[in-house]
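Q: pasting the sequence and the predicted model now:
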Amino acid sequence: MKRRTSRKKLRASIANFTDWIKKGRHQRTGRIFSTLNSKYRGYWNYYGVRGNSASLQCFFRTTQRLLFKWLNRRSQRRSYTWDAFNALVNYVGVERPRITERAGPVQLALL
């Protein structure tokens, strides 16, 4: 059976992320990315079940776009281009989406 995140929960998670980044965009970049990694880690641990990689990718892409948008609104000038933003994300080491569920005894027997 294939499991995936419900659309309602995905939208709610994205809305919560948007509120968080809007309220905290004034903080230092290192602190934002530190908190971001812990948020991602918790999300991947909870929703990282087999068959849900498309929803994880959707959440990751959407939150990256939102982060880019709100970090660029910290001043009147644009702070980052996409290239600079991606370089920052790679430098900081942002958690990437991953499946964290392990194979259970029944699933191992089937393999």
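A: Perfect, I can see it now.
Q: just the helices from this structure, written as ranges.
A: Secondary structure of the chain (DSSP state H): helices located at 7-24, 29-47, 53-71, 82-92, 105-110.
Q: Arg98: which of those is closest?
A: Between Arg98 and the helices of the chain, the shortest gap by C-beta to C-beta is with helix 29-47, which sits at 5.5 Å. Just so you know, the C-beta spots here come from the backbone N, C-alpha and C atoms, and that holds for glycine as well.
Q: ramachandran angles for Glu95?
A: Reported as degrees, to the nearest 10, the phi and psi values for Glu95 are phi -60, psi 130.
Q: that one: how many residues sit nearby?
A: Around Glu95 there are 15 other residues, counting by other C-beta atoms under 10 Å.
Q: for it, give me its contacts.
A: 37, 40-41, 44 (C-beta atoms under 8 Å, 6 or more residues apart in numbering).
Q: make a markdown table out of those residues and add neighbour count, pLDDT and distance to Arg3.
A: Formatted as a markdown table, the contacts of Glu95 follow (neighbours: other C-beta atoms under 10 Å; pLDDT from 0 to 100; distance: C-beta to C-beta, whole Å):
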| residue | neighbour count | pLDDT | distance to Arg3 |
| --- | --- | --- | --- |
| Asn37 | 14 | 96 | 25 |
| Tyr40 | 20 | 96 | 20 |
| Arg41 | 14 | 94 | 20 |
| Trp44 | 18 | 94 | 15 |
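Q: which of the residues you listed sits closest to Gln57?
A: The shortest gap between Gln57 and any of those belongs to Trp44, at 11.3 Å (C-beta to C-beta).
Q: contacting residues for that closest one?
A: Residues near Trp44 by C-beta under 8 Å, 6+ apart: 56, 95, 97-98, 100.
Q: what's the closest of the residues you listed to Arg77?
A: The nearest one, if we look at those relative to Arg77 and count by C-beta to C-beta, is Glu95, at 29.0 Å.
Q: any idea how far Ala103 is from the closest one?
A: Noted for Glu95: a distance of 22 Å to Ala103, by C-beta to C-beta, to the nearest Å.
Q: Phe33 now?
A: 32 Å.
Q: more crowded one of these two?
A: Regarding Phe33 and Ala103, a neighbour count based on other C-beta under 10 Å identifies Phe33 as having more, with 18 against 11.
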